[in-house]
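Chemist: predicted model and sequence below, questions to follow.
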Amino acid sequence: MGLQVPKIAGAPARRVLRVAVLGAAMLVLAGCSEADQHQIKNLAMPDRITEQGPYTYELWKWAWVAAMITGVIVWGLIFYAVVKFRRRSDDEVPRQTRYNLPLEVFYTIAPVLMCIVFFFHTVRVQDIQTELSTPDVTVEVTGQQWSWTFNHGVGEENPDATGEPGDYAYGSYVYTSGDGSEIPTLVLPVDQRIQFNLRSPDVIHNFGVPSFLTRMDVIPGRINKLQVTPTVEGDYVGKCYELCGVYHSRMLFKVKVVSQEEYEQYKSDLADAGNTAEQPLIGGADTTTQAGLAEDDNQEGSQE
Ligand SMILES: [Cu+2]
């Protein structure tokens, strides 16, 4: 209705316009592949594959709902004001000072209430994501410039171990470590509560798997602990979420959630390959190579 079509062209031009609009709409819709539709349904979040993931997703979803309700109210008020208080004659000057007490009380209290509700639910979900209970499996993870080392324990687990040197959860370990030419794989058993003990020998990294819908900083000098329970077998990806230096982009890793038998098999394959250690490789002098760099161009970091 608001579109200006040249008068001389008349009806044919309108038809051309209609076809053009229809064509454009079809193109846009056709651009929505199945993957896009899946993304839209997920509100741009990855599929949840852990017990803890859905809590993050629900928080995200309801934040969207709150934002939409706020949007509808604000848009409604804008359009109402535009129409109701439009200028009706050229020399009309509206009264310059005016207020509406109920409206002002509303737009002071509503945002405060929203912040309180958001805060409450954010803390609730954060508590769930950072909760530490007795783990079924403990994996020692080292984020070193510029890759990851994953240490899997062999034998009985001591769930009360602190992870401090001399107090590891297992008596011996098998490990895998990535470097510039190889992206490491983190293999995990399904339906087990897994604790990641996160360590860094150099700078702050951040351990994250999008499908877990959680992540945690990896900070030199301390052990950060994160627990998740993967519930869906499959292949996923993970990465470092902290801009940690020049080769930060190399800090990718693969995640494979497998059955308990496959997990045991994986660990014995690592042992057969000679990747065994009495204590987990936690970086510093223990990290085998300065990942990603040639021997002679080592930078200060994990080889120290
Ligand atoms: Cu990093």
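Modeler: Cool, the structure landed.
Chemist: do you know the pLDDT at the residue in the stretch 51-200 of the chain that the ion sits nearest to?
Modeler: Closest to the ion within the stretch 51-200 of the chain is Gly143: 5.6 Å, counting by C-beta to the ion. (C-beta placed from N, C-alpha, C; glycine too.) Gly143 is assigned 93 on the pLDDT scale.
Chemist: for it, which non-adjacent residue is closest in space?
Modeler: Leaving aside its chain neighbours, Gly143 sits nearest to His205 (3.5 Å; criterion: C-beta to C-beta, 6 or more residues apart in numbering).
Chemist: give me every residue that touches that neighbour.
Modeler: Neighbouring residues of His205 by C-beta atoms under 8 Å, 6 or more residues apart in numbering: Gly143, Asp217, Val218, Cys240, Glu242, Cys244, Met251.
Chemist: tell me, how many residues neighbour the residue of the stretch 51-200 of the chain closest to the ion?
Modeler: Neighbours of Gly143 under the rule other C-beta atoms under 10 Å: 29.
Chemist: low-confidence ranges, the stretch 1-150 of the chain, go.
Modeler: Applying pLDDT under 70 to the stretch 1-150 of the chain flags the ranges 1-11, 29.
Chemist: will you turn the contacts of His205 into TSV that also has secondary structure?
Modeler: Shown next, in TSV, are the contacts of His205 (DSSP: H, G, I helix; E, B strand; the rest coil):
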residue	secondary structure
Gly143	strand
Asp217	strand
Val218	strand
Cys240	strand
Glu242	coil
Cys244	coil
Met251	coil
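Chemist: now those residues: which count as buried?
Modeler: Gly143, Asp217, Val218, Cys240, Glu242, Cys244, Met251 (16 or more other C-beta atoms under 10 Å).
Chemist: same list (those residues) but as TSV, adding distance to Ser133.
Modeler: Output for the buried ones among the contacts of His205, formatted as TSV (distance: C-beta to C-beta, whole Å):
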residue	distance to Ser133
Gly143	24
Asp217	21
Val218	21
Cys240	26
Glu242	26
Cys244	30
Met251	29
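Chemist: what about the helices in the stretch 1-150 of the chain?
Modeler: In the stretch 1-150 of the chain, the helices defined using DSSP state H, counting those that start in this stretch lie at 11-31, 34-41, 53-84, 101-130.
Chemist: could I get those helices in TSV, plus columns for distance to Ile223 and mean neighbour count?
Modeler: Converted to TSV, the helices of the stretch 1-150 of the chain look like this (distance: least, C-beta to C-beta, whole Å; neighbours: other C-beta atoms under 10 Å):
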stretch	distance to Ile223	mean neighbour count
helix 11-31	47	10
helix 34-41	36	10
helix 53-84	23	13
helix 101-130	14	12
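Chemist: to Val257, which of these lies closest?
Modeler: Proximity to Val257, assessed across the helices of the stretch 1-150 of the chain by C-beta to C-beta, is greatest for helix 53-84 (12.4 Å).
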